[in-house]
Every structure is written in C-alpha cells, then in structure tokens.
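Visitor: no FASTA, just this:
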C-alpha cells in the first residue's frame with residue numbers, strides 16, 4: 001500500500017488540488033446565487049445581449 005501511494009503521490013496531490021479548486025468555484029456560485037447575483041451576465045455592460053439578458057432576469061425574479 002505504501003509503495004502504491006509513493007508511486008502515485010504526484011497524481012494524488014494534483015487531484016486533491018483540482019478537487020479543491022472545483023469545490024471553491026461551486027461554493028462561490030452557490031453563494032452568489034443566494035445573494036441574488038447571477039453567474040451569467042455578470043458584466044452586462046460589456047455584453048451585446050445586455051438588454052435581453054437583463055429583462056429575462058427581471059422577469060424571473062418578479063415571479
């Protein structure tokens with residue numbers, strides 16, 4: 001068992017780091033959603049669909 005762990009230590013560490021990053025991203029998305037912020041259309045002033053996107057979000061939050 002120890003030999004296997006030592007042979008795969010790099011892969012295990014890289015996997016744990018990537019899993020941590022994914023968990024932090026998902027937690028951030030959940031937190032933003034709970035605060036009423038949308039993960040998409042975060043920078044609407046620079047978006048060509050700004051007017052359409054904002055009206056869609058307003059209609060969804062009014063319901």
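Guide: That came through fine. Please read these numbers as outputs of a predicted model, since none were measured by experiment.
Visitor: longest helix of this protein?
Guide: Scanning the chain for the longest helix, with DSSP state H as the assignment, gives helix 9-34.
Visitor: now do that helix, average pLDDT.
Guide: Mean per-residue pLDDT for helix 9-34: 95.
Visitor: ok, so what distance separates residue 22 from residue 15?
Guide: Distance, residue 22 to residue 15, using C-beta to C-beta, to the nearest Å: 11 Å. Just so you know, the C-beta spots here come from the backbone N, C-alpha and C atoms, and that holds for glycine as well.
Visitor: coming back round to it: flag every buried residue along the longest helix of the chain.
Guide: Under the neighbour-count criterion of 16 or more other C-beta atoms under 10 Å, helix 9-34 has nothing buried.
Visitor: what is that helix packed up against?
Guide: Contacts defined by 3 or more C-beta pairs under 8 Å, 6 or more residues apart in numbering; DSSP states H and E place helix 9-34 against no helix or strand at all.
Visitor: once you drop chain neighbours, what's closest to residue 12?
Guide: residue 5 (7.3 Å; C-beta to C-beta, 6 or more residues apart in numbering).
Visitor: number of residues surrounding the one you found?
Guide: 9 (other C-beta atoms under 10 Å).
Visitor: what pLDDT does it get?
Guide: 93.
Visitor: tell me the spacing between it and residue 23.
Guide: With C-beta to C-beta as the criterion, residue 5 and residue 23 are 23 Å apart.
Visitor: next: residue 2.
Guide: 28 Å.
Visitor: ditto for residue 34
Guide: For residue 34, the distance to residue 23 - C-beta to C-beta - is 16 Å.
Visitor: give me the phi and psi for residue 7.
Guide: phi -70, psi -30 (degrees, to the nearest 10).
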